[in-house]
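>>> Structure for the following, please:
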Amino acid sequence: MPIPIIDLFAGPGGLGEGFSSLRDHKNKPVFDIALSIEKDPIAHKTLTLRAVFRRLRDTKHIEHYYAYIRNEIDESTFRKIPAIAKAFSYAEKEARCLELGKADEDSIDKEIRSALRDQKTWVLIGGPPCQAYSLAGRARRVNDKTFNDDVKHFLYREYLRIIKVHRPTVFVMENVKGLLSAKHKEEGVFAHILDDMDKAGYEIRSLVTDSPIRPRDYVVEAEKYGIPQMRRRVILLGVKKNSGLVTATLKPK
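Now for the predicted structure:
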């Protein structure tokens, strides 16, 4: 059975796409996106359509998806096909248009429990909005007296709350490199996050070194691993303490 994924602050689903594309030696999916949450309606539409794709990709009905993508049929015609309508019915439960931090916490928790279906081994992924941490964003707002009150500083707390309540086996938290130097009211944000995760019962591991000792040890430089982009991201791999899980680091190409 595939390992369920809960994707928070999902955007159009790029991180989830990476997980959902992984197959085992029998060509079966290793992971399954059980629930994705995103507040932007356009990004949410993409999440929904990709959820439809995953329901169809190993069936003969995938031809209808590609016909729609190529504009050979319109959306109304696409949705009226019985197999597509059924896939959309599932996708609309998987991809939820909700704003974390504002949506009712009890409702969010209920959605997560329903998606997990009592499975104890699962993975939480996602990254709280990064504008408040990015170097460019901070530079633009250097004289902005409201900067310290920006709600984007606090959305990480919702990610942490869900970790504490639902106890994923593993989590992957992604953010911009500026997170390492970001401060909120003169306190370092990154050190605070590491301390919070330790208190929550998680070891924070690096994807690029077995023994992280510096903040930059959590930076993944995409171009070193076969990605045709100079994209630098902080990625925290949280593993539940005493789980016995062994992780391996990425090997440069």
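>>> CA only for contacts and neighbour counts going forward, please
Fine.
>>> Based on its surroundings, how many neighbours for the closest residue to Lys164 other than its chain neighbours?
Nearest-residue entry for Lys164: Ala200, 6.2 Å, with adjacent residues in sequence omitted and distances by Cα to Cα, 6 or more residues apart in numbering. Residues lying near Ala200 (other Cα atoms under 10 Å) number 17.
>>> Look up how far His192 lies from Ala200.
Summarising the geometry, the distance separating Ala200 from His192, computed by Cα to Cα, to the nearest Å, is 12 Å.
>>> Report the separation between the residue nearest to Lys164 and Ser20.
Distance of Ala200 to Ser20, computed by Cα to Cα: 27 Å.
>>> one step back: hang on, isn't the residue nearest to Lys164 packed against Ile162?
No - contact status for Ala200 versus Ile162: not in contact, 10.7 Å apart, counting by Cα atoms under 8 Å.
>>> longest helix in the protein, by residue count?
Secondary structure of the chain per DSSP state H: the longest helix is helix 41-56.
>>> What residues sit buried inside the helix or strand just after that helix?
The element immediately downstream of helix 41-56 (helix or strand, assigned by DSSP states H and E) is helix 62-69. Buried positions in helix 62-69, judged by neighbour count with 16 or more other Cα atoms under 10 Å: Ile62, His64, Tyr65, Tyr68.
>>> If you drop the residues flanking it in sequence, what lies closest to the third one?
For Tyr65, the nearest residue in space outside its immediate sequence neighbours is Phe53; the separation is 6.9 Å by Cα to Cα, 6+ apart.
>>> could you measure the one you found against Ser206, distance?
Going from Phe53 to Ser206 by Cα to Cα gives 32 Å.
>>> Comparing the two, which shows the higher neighbour count?
Remark: of Phe53 and Ser206, Ser206 carries more neighbours, 25 against 20, as counted by other Cα under 10 Å.
>>> Give me the neighbour count for the nearest residue to the more buried one once chain neighbours are set aside.
Nearest in space to Ser206, with sequence neighbours left out and distances taken as Cα to Cα, 6+ apart, is Tyr218 at 5.2 Å. By the other Cα under 10 Å criterion, the neighbourhood of Tyr218 contains 23 residues.
>>> for Ala115, same thing?
Under the neighbour criterion other Cα under 10 Å, Ala115 is assigned a count of 19.
>>> shaky segments in the stretch 1-150 of the chain?
In the predicted model, the stretch 1-150 of the chain carries pLDDT under 70 at residues 130-150.
>>> now the helices for it?
Secondary structure of the stretch 1-150 of the chain, counting by DSSP state H, counting those that start in this stretch: helices at 14-20, 41-56, 62-69, 75-80, 82-94, 105-116, 135-140.
>>> Pull the residues that contact the first one.
What that stands for is helix 14-20. The set of residues external to helix 14-20 that reach it, using Cα atoms under 8 Å, 6 or more residues apart in numbering, is Ile5, Asp7, Ala10, Pro29, Val30, Phe31, Asp32, Ile33, Ile125, Gly126.
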